[in-house]
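J.: Need the 3D shape of this:
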Amino acid sequence: MFPGSLTQWNGLTDMTDATILADQMIWASTHEAGHDEAFNVVNGDVFRWRWMWARLAAYFGVDPVGPTETLQPLEEQMAGMEDVWARMAAEHGLAEPDLSRLASWWHTDADLGRGMEVVTDMSKSRLAGFTTYHRTADSFTGLFDRFRREGLIPAAS
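T.: Residues are numbered from 1 along each chain as shown. Here you go, the predicted model:
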């Protein structure tokens with residue numbers, strides 16, 4: 001179930017892939033246009049969670065379930081799930097049995113629970129010469145593929 005707000009489900013939003021953040025930090029530190037400047041950094045596309053959620057569910061082979069009228073915070077949903085994760089980690093030979101080392105539920109809750117749309121302007125970066133772009137759907141699936149290769153989540157069945 002989508003744990004966030006109806007506003008996030010239906011509204012436009014964007015995200016920052018850690019690799020694009022790293023690329024921009026390197027760019028800003030090695031190009032004159034980045035000297036002593038502050039820049040926004042996001043992947044470069046926008047999406048709606050109602051669209052993205054279905055794609056993420058399809059990747060994992062599960063049915064997508066949308067939001068409810070009230071928030072369903074992950075921090076509450078995941079409370080007490082440490083033993084469940086530890087058993088899954090043992091069963092699937094995963095690299096990390098400690099659930100608390102894998103996710104910060106509060107952070108995801110803060111992002112998905114916002115009551116406003118969030119779209120970041122990359123104009124300053126683009127005009128200064130940083131033009132790297134990541135499609136967010138590919139950022140997610142690429143990260144999940146990496147997590148599978150590294151044994152952080154179970155392989156596809």
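
J.: Next, count neighbours for residue 53.
T.: Look at residue 53: counted by other C-beta atoms under 10 Å, it has 19 neighbours. C-beta here means a position set from N, CA and C on the backbone, and glycine is covered the same way.

J.: now residue 86
T.: Around residue 86 there are 15 residues (other C-beta under 10 Å).

J.: ok, for it, nearest residue in space, not its chain neighbours?
T.: Of all residues not flanking residue 86 in the chain, residue 97 sits nearest, at 4.6 Å (C-beta to C-beta, 6 or more residues apart in numbering).

J.: Report the contact partners of the one you found.
T.: Shown in contact with residue 97 (C-beta atoms under 8 Å, 6 or more residues apart in numbering): 85-86, 89-90.

J.: one more time with 10 Å, if that's ok
T.: Applying C-beta atoms under 10 Å, 6 or more residues apart in numbering, we find residue 97 in contact with 82-83, 85-90.

J.: same deal with residue 81?
T.: By C-beta under 10 Å, 6+ apart, residue 81 lies in contact with 88, 99, 105.

J.: what about the residue nearest to residue 86, distance to residue 107?
T.: Counting by C-beta to C-beta, to the nearest Å, the gap from residue 97 to residue 107 is 21 Å.

J.: How about residue 148?
T.: The value you get for residue 148 to residue 107, if C-beta to C-beta is used, is 22 Å.
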